[in-house]
Each structure stands twice: as C-alpha cells, then as structure tokens.
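Have a look; sequence and predicted model below, questions after that.
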Amino acid sequence: MKRDKVVGAILLVMALFGISGLALITVFIFREGVPVVLRLGARQIFLSSDWEPSLGHFGILSMMVGSLAVTLGAAVIGVVFSLGLAVVLTQFSPPGLSAALKPVVELLAGIPSVVYGFVGVVTLVPLIRHTLGGPGLSVLAASIVLGVMVLPTITSIAIDALQAVPRSYLEGSIALGATRWQTVTMVLLRAARSGLVTAVILGMGRAIGETMAVIMVAGNALEVPHSLLAPVRTLTSNIALEMGYASGDHRQALFATGATLFVVITLLNIAALAISRRRTGRGRFS
Amino acid sequence: MNLLGSTSIQPFAEILAEHYEKKYPGQFAEVQGGGSTAGLQAAEHGLADIGMCSRSLTTKESRLFTEILIARDGLAIVVNPENPVSRLSLEQLRALFAGRIANWSEVGGKNGSVWPITREEGSGTRESFVRLIMGAERISRRALTQESNGAVKELVKGDPSAIGYMSLGLVGKDLKPVTVDGAEPTVENVLAGRYHLVRPLLFVTKGAANSAARKFVDFVLSSDGQRLLATEGLVRVR
C-alpha cells in the first residue's frame, strides 16, 4: 500500500536522524580528544596518574582505576541484591507480592541521581566515617550508591532471563527429587546464565557512566585508591568537575577522558550483546 | 544587562541585582554562575556585559579586559569545631595541603590523619589559594575535591579530620576559621592589613563598559552597594 511506504519512509528518516546524532557525537568526541593523545603520547595520558592541567600534566590512570573500582564494587553489590531479588520475585514469592514488588524496583530507576548522591552524603558517608574510618567519601560509598542505582537495571533484565527458562526444566528437576533450592541453583541459574551475565554487564555500563551521584560521594581525590575507604575520582567526575573552565589542551584532555569512557562502555555493550546472542541455544546445558 | 562568572561572587551579585532593580525600576540585571574563567570567556566573546572573577587577572588577561575592583574577600582556612587546632602558620598550612604533614599531632592536634579539601581546577577560590599559600608547591593528590563553597562547608562540618578553604563571607557558625600567622580572619583584620589571605573580587568588561553595565557598576561602588556587600561579610573598597 502506498500509505505504508510513506509512513515507512518517515520512520526511516527519523531513525536515521537519531543514529546520525550518535555518529556526530562520536566523531566530535574523538576529533577533540585524539589530537592531544597523539601530541603528548599515549603513555603520558593513559599510564600516568599525574593530573595537573595548569602544569600541562594530563595523566588519567588514577581515574581509570577509580572508574573500574567503583564499577566493580557496584557490580558486586548489584549482583548479590539483584539476583537475589530476581530469584525471589520469579520463584519464591506469591504472584500477588511479585506483581506489587516489581514496579517498586522499577521505580528506583526513576529517582534522579542527585537524590541518590544527596542521600549518600547525608547518611552513608558519615556512617562509613564513624564506623570504618577515613573521610567517608570513598570507593566504598560510591560502590554502594551505584550498587543501589543499578539494582533496577540488573533486576529487570535478570527477571526476563529467569522467566525465559522453560517450565519443563524446573518441573523435571523437581520430579527427579531435587529440592526447590537445588532446582534454583543447579537448573534455573545455570540455564539462564548468559542472560544473567548480560544483565550484570549492562548494569556495569550504567554504573561506569554515572556522574552526579559519584561526584557527591566519591571524594574526587587524584590519588590511585589503595583501599576501599580511600577517596577516588572517576573518569566521568573528572569531566564534569572541570569542563566548565577548561580551554586548550586541558579541554582536549577532558575530551580524551570522554573518549576513553566511550571505548570502555562500547566494549561492555558489545560483550553484553555477544553473550546475549549466544542465548539462542537457550536451554542447552553446556 | 547580564553578569556571568565566579560562583563566589554570584550570591553577592544576586543580592546587589535585587536591590538595584528595586532602586531603579525598569532596569534589569541577570546573574549567572559558571566560574571565574567562564566569566572571563563570556566577557571576551560578548556573551555577558560583565564577567565576574574572584582572583587577580594574569598579565595577559589584564591587557584584554578592563577590571573594576568591587570588593575584597578574605580567604578563610576552616576546620571542624571539634579539632583543637586553631592557630597555624603559613608554612604549616602549605605543608598540610601539600601532604607533607599528614597527621594532626604534628601541628598540635589529636593523633589522626589530615584530610585536606580543595576545590576543582579552574575555581577562582582555588587559584587564589594556590597563589596566596601554595606558591610553587602542589596541592596533594590525596586532597578531596569538592565543587562549591557549600560542599566544602558540609564536609568540614561533619569531619574532625578535614581542613578546607573558602570565602570568609560564607564561613557561618558551624565551622572554625583558623588564625593564620597570628591574625584572626576577620573583616577588621583584612582592612587593617593584618590578615594577608585576601583576594580581589572583580567585575571585568571587554573595553569600556556599556551604559547599562556602567550604571550597575556605579550602583555597586556607591555607598549603598558597598554597605550591602559589607553586611554580607565582604570587605568594602570604598
């Protein structure tokens, strides 16, 4: 039909428009960020933790370590709570309770990050300072705040993965005499493994890109953190803290920081995509 | 008529603007933050009639802009009221922020780590602090970095091991300002030249100010404007 074609063409143009925005951003970040890396040498930027823009030092190693540390911390916390939540909601809780709890978890995703940061600063940071020592603003505080923030992402994807496991597997397992718990750990989680890994990776992508809440609770020190209680600056915080003022090489170095982040997030997404593609052999035990 | 720049001047400029609009109905002054360096850039490119800058201009910058000193501001060094240390020398301050002194017991305090708190790169307060205290020495990489006077204040308020710096006009009652080289940080001591950690608060324009900007500057420098700034804790220049 002619109308179908017209609508199709309009939608195609809109889709291309969206994609070209992404392409433009990509080109812009790399065009601004790559020259400074070529000029100063990758070594001076990626293998040095000496960041002092006024003296022309632009090492981002400590921030790469920082981003990695808080992201892994968030992943650990996110995995424990999200997978637990997903298993309970799909297997153990009565359907009425699941129906009520799932939207509550999803609601967490709607809270602005500045609110997470504020709650972290007001409650979590003093708690860490008083009970564990250090300045409170720390890898640990950032990991916990991010862990809560990625909860909805990981939980909802994990629930989908668990629900995709055919019922017959669970029934078969129970019929063979396995307990409910054995069925969950030995059949359900294994069958849904690739989906669960995807969920965690996407959660990590969200954590590493988070900025506002991290600036508020991480302390933003430039030192490579040597413990969970040490303050840390992440790649995103560095950009947000300094972009307003930067010019010249400093500005380009911040774009290089952004490009680094871009590459890391792209790799995470590719990994998630690759793992979830493998799921086509769904249900096969390997 | 708009002003843009330093977040240290912004709250004071907002108060000035409010009184200015009341005094001259029909005149408007719009105030935006962004930081000292952003203020200079905005003035240079004509995005703002007046740029606000809370540090001295560099030689290159002073060739480019016309600067108007609207007030001076003491830079207060603040610690938590629970911290027994209340007097420090300039040399001790430098060592504390450079990380050479890492335990409060070395400067007469309790045994415990020192957590210096600094501001982000490009902040006028930071640049003034570096010029007045650090000199050629660098601020420790261990220092916590916060992006506003308010955030520094919150942190020092909650942490007995912290030490920070901020605008004297914004210290308030919850923090303890430290006596530096024997001089208490008060407006009187700044005026008398006894307290040396002082920075200029500047309005800058590219070339001569236009008429609307001129009118606002005249108000700020008038006895009304200066009295307003003084009651807010700044040091008047007229």
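Good, I have the coordinates.

Give me the distance between A:Ser67 and A:Gly205.
Computed as C-beta to C-beta, to the nearest Å, the A:Ser67 to A:Gly205 distance reads 12 Å. Quick note: C-beta positions are derived from backbone N, CA and C, even for glycine.

my bad, should have said A:Leu267
Taken as C-beta to C-beta, the span from A:Leu267 to A:Gly205 is 10 Å.

which of the two has more neighbours?
A:Gly205 (20 against 12; other C-beta atoms under 10 Å in any protein chain shown).

I'd like to know the phi and psi angles of the nearest residue to that one once chain neighbours are set aside, please.
Distances taken as C-beta to C-beta, 6 or more residues apart in numbering or on different chains place A:Leu268 nearest to A:Gly205, at 4.5 Å, with adjacent residues excluded. The phi/psi pair for A:Leu268 (degrees, to the nearest 10) reads phi -60, psi -40.

Close to chain A: what parts of chain B are there?
Within reach of chain A by C-beta under 8 Å from any C-beta of the partner chain, chain B has these residues: B:34-38, B:41, B:113, B:115, B:120-123, B:138, B:140-147, B:151, B:154-155, B:158-159, B:161-162.

are any of the residues you listed buried, and which?
Neighbour-count burial (16 or more other C-beta atoms under 10 Å in any protein chain shown) applied to the residues of chain B next to chain A gives B:34-38, B:41, B:115, B:120-123, B:138, B:140-147, B:151, B:154-155, B:158-159, B:161-162.

Which positions within stretch B:128-140 qualify as buried?
Residues B:Ser128, B:Phe129, B:Val130, B:Leu132, B:Ile133, B:Met134, B:Arg138, B:Ile139, B:Ser140 are the ones in stretch B:128-140 that count as buried (16+ other C-beta under 10 Å).

got it, and stretch B:189-198?
Neighbour-count burial for stretch B:189-198 flags B:Asn189, B:Val190, B:Tyr195, B:Leu197, B:Val198 (criterion: 16+ other C-beta under 10 Å).

Stretch A:271-279 now?
Across stretch A:271-279, burial judged by 16+ other C-beta under 10 Å covers A:Ala271, A:Ala272, A:Ile275, A:Ser276, A:Arg279.

for the stretch 101-250 of chain A, what spans make up the strands?
For the stretch 101-250 of chain A, strands defined by DSSP state E, counting those that start in this stretch do not occur.

Over in it, which residue gets nearest chain B? Let me know.
In the stretch 101-250 of chain A, the residue found nearest to chain B is A:Tyr245; the distance is 2.6 Å by C-beta to the nearest C-beta.

Which residues does the worst-scoring helix or strand of chain A on mean pLDDT contact?
Using mean pLDDT, DSSP states H and E, the weakest-scoring helix or strand in chain A turns out to be helix A:95-108, at a mean of 88. For helix A:95-108, contacts defined as C-beta atoms under 8 Å, 6 or more residues apart in numbering or on different chains pick out A:Leu85, A:Leu89, A:Thr90, A:Ser93, A:Val148, A:Met149, A:Leu151, A:Pro152, A:Thr155, A:Ser156, A:Ile159.

how far does that helix sit from the chain's center?
22 Å (C-alpha atoms, centre = their mean, to the nearest Å).

Export only the CA atoms of it, formatted as CSV.
C-alpha atoms of helix A:95-108 as CSV (Å, rounded to 0.1, in the frame of the first residue of the first chain):
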residue,chain,number,x,y,z
PRO,A,95,2.3,-13.9,42.5
GLY,A,96,0.5,-11.0,44.2
LEU,A,97,3.6,-9.9,46.0
SER,A,98,5.7,-10.1,42.9
ALA,A,99,3.3,-8.0,41.0
ALA,A,100,3.5,-5.4,43.7
LEU,A,101,7.3,-5.5,44.2
LYS,A,102,8.4,-5.4,40.6
PRO,A,103,7.1,-1.9,40.0
VAL,A,104,8.7,-0.7,43.2
VAL,A,105,12.1,-1.9,42.0
GLU,A,106,11.5,-0.2,38.6
LEU,A,107,10.6,3.0,40.5
LEU,A,108,14.2,3.1,41.8
